[in-house]
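[1] Here is a sequence together with a model predicted from it:
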Amino acid sequence: MNVALLGGSFDPPHLAHQMICLYLLEAESFEQVWLLPCFRHAFGKTLAPFADRLTMCRHLARPFGGRVVVSEIERELPGGEGVNRTVDTVAALKAQNPSARFTFVVGSDIPAQAPAWKDFDRLRGMVEFLVLRRPGYDEELLGWSYAPVAMPDVSSTGVRERIRRNDSVRGLLPAAVASFIEEHKLYRT
């Protein structure tokens, strides 16, 4: 099975994430996209509860009828109470799914940062990478595979700021995610 791995905080998952899933399934011909919400942020960033982010990812994935899978792998890994690193997550996924072919999908801000990741050379030997273009990150680094299109300029940080200011997030979140945030009063303070 040919699987795209999309990791992140998903705090909250937004419409660009959903559009990325559609792009990966339809234009890049992956059989599935696996969303990998981080359990604890590697750089200590405060996040909404994992259970809430997991539920919002499931709302985002629902329209894809099983072609987008939400994984709890980062909570399930040994030491799940701590911080998981990408290389450990990918190693666990490969051990659990030996016949799957994984491609790790990142934004165009990542290639410059990735060599500082834990065991990056080992990770690079375990999976292929596909870089999705993001506004403001135009430089292409050698040795990376870039998608030919750019994704919309939507960020979870921007969405959270709009919610805190009580501004509209119409057009930035899938409807089910927006309803969940409203119902649970997330990101208000």
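    Received it, and whenever you're ready, just let me know what you need. Numbering: from 1, shown residues only.
[2] Can you name the element that comes right after the least confident helix or strand in the chain by mean pLDDT?
    Taking mean pLDDT, DSSP states H and E as the measure, the chain has helix 73-76 as its least confident helix or strand, at a mean of 88. Using DSSP states H and E, the next helix or strand after helix 73-76 towards the C-terminus is helix 86-96.
[3] Mind listing residues that contact that following helix?
    Outside of helix 86-96, the residues within contact range by Cβ atoms under 8 Å, 6 or more residues apart in numbering are 5, 7, 34, 36, 71, 73-74, 76-77, 100, 102, 104, 117-120, 122-123, 126-127. Using the backbone N, CA and C atoms, a C-beta is placed for each residue, glycine as well.
[4] Could you export the least confident helix or strand of the chain as PDB, CA atoms only?
    What follows is helix 73-76, C-alpha atoms only, in PDB (Å, rounded to 0.1, in the frame of the first residue of the first chain):
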ATOM      1  CA  ILE A  73       0.700   6.200  17.100                       C
ATOM      2  CA  GLU A  74       2.400   9.000  19.000                       C
ATOM      3  CA  ARG A  75       0.300   8.300  22.100                       C
ATOM      4  CA  GLU A  76       0.900   4.500  21.700                       C
END
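[5] Please point out which parts of that helix sit buried.
    Buried residues in helix 73-76, counted by 16 or more other Cβ atoms under 10 Å: 73-75.
[6] Identify all contacting residues around it.
    36-40, 50, 80, 84, 89, 92-93.
[7] to the chain's geometric centre, what's the distance from that helix?
    Offset of helix 73-76 from its chain centre (Cα atoms, centre = their mean, to the nearest Å): 14 Å.
[8] For this protein, give me the ranges with low pLDDT.
    43, 79-83 (pLDDT under 70).
[9] One more pass at 90, please.
    40-46, 75-85, 109, 113-118, 134-142, 150-151, 189 (pLDDT under 90).
[10] Distance from the chain centre to stretch 103-123, please.
    13 Å.
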